[in-house]
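Colleague: task: produce atomic coordinates for the following.
(2 chains)
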Amino acid sequence: MATELEPPGTSVPPDDLIKAVPLRRPGRIVVAVVLVVLLALFIYGAATNSAYEWSTFGSYLFDQRISQAALITLELTVISMVIAVILGVFLAVMRMSDNPVLKSVAWLYLWIFRGTPIYVQLVFWGLITTIYKHIDLGVPFMVQFVHLDTGSWLTPFVMAFLGLGLNEAAYMAEIVRAGIGSVDEGQHEAAVALAMTWGQTMRRVVLPQAMRVIIPPTGNEVISMLKTTSLVIGVPYTADLYSVSRQIGGVLYRPIPLLLVASAWYLAITSVLMVGQYFLEKRYSRGASRVLTTKQLQALATAQSAGPADGGKA
Amino acid sequence: MTQSVPSVSVAPDGQPGNLMVDARSVQKHFGALQVLKGITLQVKPREVMCLVGPSGSGKSTFLRCINHLEKVTAGRLYVDGELVGYEERGHKLHELHPKRAAAQRRDIGMVFQRFNLFPHMNALDNVIEAPMMVKGEKKSAAIERGRALLDQVGLASKEKAYPAQLSGGQQQRVAIARALAMQPKLMLFDEPTSALDPELVGEVLDVMRNLASEGMTMIVVTHEMGFAREVGDHLVFMDAGVVVEAGPPREVLANPQHERTKAFLSKVL
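Modeller: Okay, here's the model as predicted:
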């Protein structure tokens, strides 16, 4: 063969794709085996341990009271998060304002709502009808337009989502602020130079780009909120998933399987939320990267192989 | 001969009249720092003025004053006869409401060194955004003109591409189309080719050259002396916040009068 006669430096490597022998990593294999064994032992133990009472778990997993409570937990999560996001955007914008009063008020809000425990806040909300018996709107000491008895509309459910939402707004404000801060200043300038107003600039240019930074932590906050709803017992509000599971478990004297039921529902809802977060992130990452998607790569490969310039190799 | 005022100046008490840009002793302070120390110059409609000078000389700041991205702190600046950013009422200047300031910018297009395209919108959406949002144009009409503008800058086939998928030169051409979509009377270019690879500079300058030949009034901050010589009606050399020298580009470039101009040109030519 001709290759034997060529000096080593000039030999042309073969044209076919490299098929290298993969590197062995014995340490990883050992750790993986140990983990699998431990996991198997745990599952076997859980399945055979009578304390878990899997039959009770099975019969209450789809109990109507449980699914009803799960729905209420979901409602609490959604309503609180909507309040938190809207209020959070306002607080973030206030914190970035040039006006010292707006800035300070936002800072004060964050300081109080982030600086005290959510459980304590919820207990406070439960007592609010004692603290404020009615709300009057009007000119102080002169005219009164609206008079509301707090007791008539501040039900435990309302207090629960207000407590959760107003607390969460403080965290959302920081997330939104970080998101807005992450958008290049040139974007704002370009929009202003195109004669867009502040509102248009925010809505059309800055916030859509901030979303890429805002959504992942917000997704975490939603998932976190779902679980924080279990604290509304502090109000006290007792129709949510955790409270109802505790009540049923207490009546049956079987708290463990009912806790498992509640956990299973929390896990299931969290999983659904994670899928939603994935699609949202995808939607708002448009134009963020020049890396091509699998679909686009495939289209390019098809175009290349169909093209006349590269008409197959002999 | 070159002189400090590049164009026919109006009488001191005359109306800014048929000048596109009329800057009278424009100053700009950032706190204690004075960046512009009294810039006086005029640009007539259909003229192209090139601003050159070392970095930090205030040329970009002056450009940004023209569309009120920066507030003028002393002197007066008129665009098409209208005082920029302020309103004179009873011998006092009042700040303009942001909406009125925005209205003043409608007729002024701006192209940035770093393109500043909206990365979450494709090329066509970048171009039609402002006409739709600011002028309330119908989407179909905006798209039709947006496509024509992309065609004009040679990017008809790229309307669906996002900025990250375009080269620097292509991005800058989209940015020019985006500014033109507002049908401006005046175009400001802030070092439009400084962020580009050398091989991509030409395609952007070609677009600007065509624009100038169609009679667009342009103020261009640039280091491209060839472009200034060929396209510019005026060349203004700025240094340390003042206009050092101004005149027809060929004269200033071939025969600079001032030492600072000579020193600068010897480095860039």
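
Colleague: what ranges do the strands span in the stretch 1-150 of chain B?
Modeller: B:21-30, B:33-43, B:48-52, B:74-79, B:82-83, B:86-89, B:92-95, B:108-111 (DSSP state E, counting those that start in this stretch).

Colleague: residue nearest the middle of the chain, spatially speaking?
Modeller: In the absence of a named chain, this looks at chain A. Note on chain A: the residue nearest the mean C-alpha position is residue A:219, at 1.4 Å, using Cα atoms, centre = their mean.

Colleague: actually it's chain B I care about, not the one you picked
Modeller: Central residue of chain B (Cα atoms, centre = their mean): residue B:188, at 1.4 Å.

Colleague: you'd agree it is in a helix?
Modeller: No. With DSSP: H, G, I helix; E, B strand; the rest coil as the criterion, residue B:188 is assigned strand and is not in a helix.

Colleague: what about it, distance to chain A?
Modeller: 8 Å (Cβ to the nearest Cβ, to the nearest Å). C-beta coordinates here come from the backbone N, C-alpha and C atoms, glycine included.

Colleague: for the chain, what's the longest helix?
Modeller: All of this refers to chain A. The single longest helix within chain A, with elements called by DSSP state H, is helix A:64-95.

Colleague: should've been chain B
Modeller: helix B:198-213.

Colleague: run through the neighbouring helices and strands of the helix or strand that that helix is followed by.
Modeller: For helix B:198-213, the following helix or strand on the C-terminal side (DSSP states H and E) is strand B:217-221. Applying 3 or more Cβ pairs under 8 Å, 6 or more residues apart in numbering or on different chains; DSSP states H and E, one finds that strand B:217-221 contacts strand B:48-52, helix B:59-66, strand B:186-190, helix B:198-213.

Colleague: out of these, deepest packed?
Modeller: strand B:48-52 (a mean of 27; mean count of other Cβ atoms under 10 Å in any protein chain shown).

Colleague: make sure residue A:260 is actually in contact with residue A:57.
Modeller: Yes. Look at residue A:260 against residue A:57 with Cβ atoms under 8 Å: they come within range, at 5.1 Å.

Colleague: mutual contacts of those two, please.
Modeller: Shared contacts of residue A:260 and residue A:57 (Cβ atoms under 8 Å, 6 or more residues apart in numbering or on different chains): none.

Colleague: re earlier: excluding residues flanking it in the chain, which one is nearest the residue nearest to the centre of chain B?
Modeller: residue B:110 (4.6 Å; Cβ to Cβ, 6 or more residues apart in numbering or on different chains).

Colleague: can you check residue B:172 too?
Modeller: That would be residue B:204: by Cβ to Cβ, 6+ apart, it lies 4.9 Å from residue B:172.

Colleague: show me what contacts that neighbour?
Modeller: B:169, B:172, B:173, B:176, B:192, B:193, B:196.

Colleague: with residue B:227 instead?
Modeller: Here residue B:227 is in contact with B:50, B:205, B:208, B:209, B:220 (Cβ under 8 Å, 6+ apart).

Colleague: please report the distance of the nearest residue to the second one once chain neighbours are set aside from chain A.
Modeller: Meaning residue B:205. Leaving aside its chain neighbours, residue B:205 sits nearest to residue B:227 (5.3 Å; criterion: Cβ to Cβ, 6+ apart). Residue B:227 sits 22 Å away from chain A when distances are taken as Cβ to the nearest Cβ.

Colleague: about what we covered before: regarding the residue nearest to the centre of chain A, what is its secondary structure?
Modeller: Taking three-state DSSP, the label given to residue A:219 is helix.

Colleague: got the contact list for the closest residue to it other than its chain neighbours?
Modeller: When the adjacent residues along the chain are set aside, residue A:219 lies closest to residue A:277, with 3.6 Å between them (Cβ to Cβ, 6+ apart). When contacts are counted by Cβ under 8 Å, 6+ apart, residue A:277 touches A:215, A:216, A:219, A:222.

Colleague: tell me the strands beside the helix or strand of chain B with the lowest mean pLDDT, with direction?
Modeller: The helix or strand of chain B with the lowest confidence, counting by mean pLDDT, DSSP states H and E, is strand B:86-89 at a mean of 88. Applying DSSP bridges, strand B:86-89 is found paired with strand B:92-95 (antiparallel).

Colleague: just give me how far the strand it pairs with sits from the chain centre.
Modeller: 25 Å (Cα atoms, centre = their mean, to the nearest Å).

Colleague: touching that strand from outside, list them.
Modeller: B:85, B:86, B:87, B:88.

Colleague: circling back: helix or strand for the residue nearest to residue A:219, just tell me which one.
Modeller: Using DSSP H and E, residue A:277 falls in helix A:255-284.
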